[in-house]
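K.L.:
Sequence first, predicted coordinates after that:
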Amino acid sequence: MINSSSEPWVGPEAEIESVDRLRSLENLLKLTDRIKSLEAELTQVSTTRALTPTEQLDAEQQLIAMRASPPWRVGRVVTMPLRIMRRMLRRNSHR
C-alpha cells in the first residue's frame, strides 16, 4: 500500500540521529551554562578587594583563636588516623 500522507517516512536511523542530536544540543547547553557560571564567579573573585593590614591581622587572630578552640582540637584528634592513612596512600601511589 502506498503512503498517501504528505509526511516523509522516517525510519529508525533517522530517529536515532534525532535523539543523538538532541543529546548533543543538551550537552552543549549544559556546557554553555557552566561556562557562564564560571565567568560570573571569576568576575566576582576579580572584584574582591584586598584586605587592609588591620583586616589581615584581625583575620589571622580569628584563625588562631579558632585553632585553639576545643571543637577544633577534638576534630583534629578524631580525624588524625584518616589523615595519616591518606598521607601514606599518597606517598605509596607516587612511587
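P.N.:
Perfect, I can see it now.
K.L.:
what about the helix or strand harbouring Arg73, distance to the chain center?
P.N.:
Here Arg73, judged by DSSP states H and E, is contained in helix 70-93. Mean-position distance between helix 70-93 and its chain equals 24 Å (CA atoms, centre = their mean, to the nearest Å).
K.L.:
Domain parsing of this structure, as residue ranges.
P.N.:
Recorded structural domains for the chain (assignment: automatic domain parsing) are 17-46, 53-95.
K.L.:
ok, of those, where does mean pLDDT dip lowest?
P.N.:
Looking at the domains of the chain, the lowest mean pLDDT belongs to domain 17-46 (a mean of 88).
K.L.:
Give the buried residues for the helix or strand where Lys36 lies.
P.N.:
Element membership of Lys36, judged by DSSP H and E, is helix 12-46. For helix 12-46, burial by neighbour count (16 or more other CB atoms under 10 Å) applies to no residue. C-beta here means a position set from N, CA and C on the backbone, and glycine is covered the same way.
K.L.:
Could you report the neighbour count for Trp72?
P.N.:
Burial of Trp72 is recorded as 12 neighbouring residues (other CB atoms under 10 Å).
K.L.:
That one and Thr47, how far apart?
P.N.:
Trp72 sits 31 Å away from Thr47, going by CB to CB, to the nearest Å.
K.L.:
How about Arg86?
P.N.:
In terms of CB to CB, Arg86 sits 35 Å off from Thr47.
K.L.:
Mind checking which of the two has more residues around it?
P.N.:
Between Arg86 and Thr47, counting by other CB under 10 Å, Arg86 is the more crowded of the two (11 against 7).
K.L.:
Could I get the contacting residues of that one?
P.N.:
Shown in contact with Arg86 (CB atoms under 8 Å, 6 or more residues apart in numbering): no residues.
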